[in-house]
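S.K.: have a look at this prediction, sequence included:
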Amino acid sequence: MSTQLFRTISHHIYAFIAYRLAYIGESPRPKFRSINVFKYSVVVFLLSWFATNVSAEETRCFSKITGVISPFLEYNPRGEISCSESDQYSHYKVVYLANGRLSEMRYFRKAEASSRAYYEAHRVSYEYRADGYSRKYYDIEGKPTSMWRHYYGGGDIHEEHYKHTKIGTELSLFNSAGEAITTQHGHNQFVKKTINKNAFTQRQFDDKGSPVGLMGDFMPFTHSMITTDKRGYLYQVLNLDDSGEKALHPVAGYAEFRLDFDDFGNELGWSHRDEAGELINLPQSSTQAGHAKWVYKMTWYNRELGLIRSYTQQYYDEHGQRVWLNGEFASTYVFDQLGNLTSLEYLDDQNQLLLHPQHGHAIQRLHRNSNHRVHEILYLNTNGQLIENGVAQQRYVYGEDGSLKEIKHLTHTGEEVIQ
């Protein structure tokens, strides 16, 4: 039964109960009994609130979660599929409360429970309080585990604890032992202030209360405004100065990080911009110097569900011209229908295979076992042969419990390379 249908039926039942309860204490003798309007209204309100906020859950299935860049942006499932057919895909089973709030999400590779979700855990569970809520993460056995997202950079994060205050929302992070932790980017606490339904400001602090950047060297904004578009997708991250105005960050070299999503929630790229919103090249001090825009050119198994066959990432400068970045002109990633990476190729400005000057190979081929885990990576030259210098093969050895026991590094002749 759908949530909306349940709520409709519930409201009619509760209204009838309320009508009957409203007569309690009334004399049965008068031919036309008057209804105690106040009593009726109170009972209807309380029972309707119960129906809307407490009872009923609904499970729906989705293929993907739309990308976010802040823990204050809620996970946004997309690419809805029938739960009766969900075992054909990698998917999320999402449980909603009757009021539309998220209750939990579980991730699966077809019918198999998996921890390779967007948040790098099998299940995320929501616990609501009067002053906020928490998100807690669990592995496929139901044990507490740590999550991972790029905006944290890492850390033993089991619980995200959100608390609403008079000035905004505070976020603190805890491990499974209930101890406060600090992320790899140095965050100990986040503070959000809502501007409107599509915009809020965010600050981050370390364990001593000093400001820290939003996302390491890539986005060192200590005070930012984050916006979403009318579809609810992430649109901008703006650097704010001490007065709260949009400003060019002196280290990052840009004022705005802008994202591009299609109507199905697929991320198509991003760009760096100045105070006026114009493209600007990253400075020479950046590890990605000389480019202003990153674009994904995609082919699809199913675009509406976000099932990517391949994407080629390309780089553009502030004049809209394609440029080289970190030794490559482009690179192409190929995936199977479950979203597993199967190969990576580096390309030059003639769209030909490139022996990457930093990585020493032109192609990576990834082979997986029946559990979809990588058991071998081959490093190939432009002719598709194993490279003859350095590590040409990696072999992954797993224990009976599925845990990774060893990674063997081999030359093209099979001799082991001691790392």
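M.R.: Alright, I've got the coordinates.
S.K.: for residue 402, which residues are in contact?
M.R.: Taking CB atoms under 8 Å, 6 or more residues apart in numbering as the contact definition, residue 402 lies against 371, 373. For every residue, glycine as well, the C-beta is placed using N, CA and C.
S.K.: mind checking the SS state of it?
M.R.: Of the three states, residue 402 takes coil under DSSP: H, G, I helix; E, B strand; the rest coil.
S.K.: okay, it: pLDDT?
M.R.: Looking at residue 402, its pLDDT stands at 83.
S.K.: phi and psi next, for it.
M.R.: In terms of degrees, to the nearest 10, the main-chain angles of residue 402 are phi 90, psi 0.
S.K.: now do residue 85
M.R.: Dihedral angles (degrees, to the nearest 10) for residue 85: phi -110, psi 10.
S.K.: need the pLDDT of it.
M.R.: Looking at residue 85, its pLDDT is 95.
S.K.: wasn't residue 87 part of a helix?
M.R.: Yes: inclusion of residue 87 in a helix is indicated when three-state DSSP is applied.
S.K.: find the nearest non-adjacent residue to it, please.
M.R.: Leaving aside its sequence neighbours, residue 87 sits nearest to residue 111 (CB to CB, 6 or more residues apart in numbering; 4.4 Å).
S.K.: also residue 142?
M.R.: With CB to CB, 6+ apart as the criterion, residue 142 has its nearest non-adjacent residue at 7.7 Å, and that residue is residue 123.
S.K.: sheet partners, orientation included, of the one helix or strand residue 260 maps to?
M.R.: Under DSSP states H and E, the secondary-structure element containing residue 260 is strand 256-261. Each strand pairing with strand 256-261, determined using DSSP bridges, is listed with its direction: strand 234-239 (antiparallel), strand 267-273 (antiparallel).
S.K.: run the chain-centre distance for it.
M.R.: Per CA atoms, centre = their mean, to the nearest Å, the displacement of strand 256-261 from the mean C-alpha position of its chain is 15 Å.
S.K.: how about that strand: buried residues?
M.R.: Neighbour-count burial for strand 256-261 flags 256, 257, 258, 259, 260, 261 (criterion: 16 or more other CB atoms under 10 Å).
S.K.: what segments of the stretch 151-300 of the chain are strands?
M.R.: According to DSSP state E, counting those that start in this stretch, the stretch 151-300 of the chain carries its strands in the segments 159-164, 169-174, 189-196, 199-205, 223-228, 234-239, 256-261, 267-273, 293-302.
S.K.: using TSV, lay out these together with distance to residue 94 and mean pLDDT.
M.R.: What follows is the strands of the stretch 151-300 of the chain, written out as TSV (distance: least, CB to CB, whole Å; pLDDT from 0 to 100):
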stretch	distance to residue 94	mean pLDDT
strand 159-164	17	98
strand 169-174	22	98
strand 189-196	23	97
strand 199-205	24	98
strand 223-228	20	98
strand 234-239	19	98
strand 256-261	20	98
strand 267-273	20	98
strand 293-302	19	98
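S.K.: a markdown table please, covering these and showing distance to residue 403.
M.R.: Putting these into a markdown table (distance: least, CB to CB, whole Å) gives the following:
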| stretch | distance to residue 403 |
| --- | --- |
| strand 159-164 | 24 |
| strand 169-174 | 25 |
| strand 189-196 | 33 |
| strand 199-205 | 33 |
| strand 223-228 | 37 |
| strand 234-239 | 35 |
| strand 256-261 | 36 |
| strand 267-273 | 32 |
| strand 293-302 | 31 |
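S.K.: what's the closest of those to residue 330?
M.R.: Shortest distance between residue 330 and the strands of the stretch 151-300 of the chain, using CB to CB, is found for strand 293-302: 8.5 Å.
S.K.: which neighbours in the sheet does that closest one have, and how are they oriented?
M.R.: Sheet neighbours of strand 293-302, with direction, are listed as strand 267-273 (antiparallel), strand 307-316 (antiparallel) (DSSP bridges).
S.K.: quick one: which of those is nearest residue 162?
M.R.: That would be strand 267-273 among the strands paired with strand 293-302, by CB to CB, at 24.9 Å.
S.K.: contact partners of that closest one?
M.R.: Residues from elsewhere that reach strand 267-273 (CB under 8 Å, 6+ apart): 66-67, 253-262, 279-282, 292-296, 298.
S.K.: mind checking which of those residues are buried?
M.R.: 66-67, 253-261, 279-282, 292-296, 298.
S.K.: neighbours around residue 369, how many?
M.R.: Burial of residue 369, expressed as a neighbour count using other CB atoms under 10 Å, amounts to 11.
S.K.: picking up where we left off before, need the strands paired with strand 256-261 in TSV (columns: mean neighbour count).
M.R.: Putting the strands paired with strand 256-261 into TSV (neighbours: other CB atoms under 10 Å) gives the following:
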stretch	mean neighbour count
strand 234-239	22
strand 267-273	19
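S.K.: go through these and name the closest to residue 339.
M.R.: Relative to residue 339, the nearest member of those by CB to CB is strand 267-273, separated by 14.0 Å.
S.K.: now do the closest one: distance to the chain's middle.
M.R.: The offset between the C-alpha centroid of strand 267-273 and the centroid of the whole chain comes to 16 Å, using CA atoms, centre = their mean.
S.K.: now stretch 90-109
M.R.: The chain centroid and the centroid of stretch 90-109 are separated by 14 Å, computed with CA atoms, centre = their mean.
S.K.: and it, what's buried?
M.R.: So for stretch 90-109, counting by 16+ other CB under 10 Å, buried means 90-98, 102-109.
S.K.: got it, and stretch 324-336?
M.R.: For stretch 324-336, the buried set under the neighbour-count rule, 16+ other CB under 10 Å, comprises 325, 328, 329, 330, 331, 332, 333, 334, 335.
S.K.: stretch 399-410 now?
M.R.: With burial defined by 16+ other CB under 10 Å, the residues of stretch 399-410 counted as buried are residue 410.
S.K.: ok, residue 418 - contacts?
M.R.: Shown here is residue 418, whose contacts under the criterion CB under 8 Å, 6+ apart are residue 409.
S.K.: repeat the analysis, applying 7 Å as the threshold.
M.R.: For residue 418, no contacting residues are found, by CB atoms under 7 Å, 6 or more residues apart in numbering.
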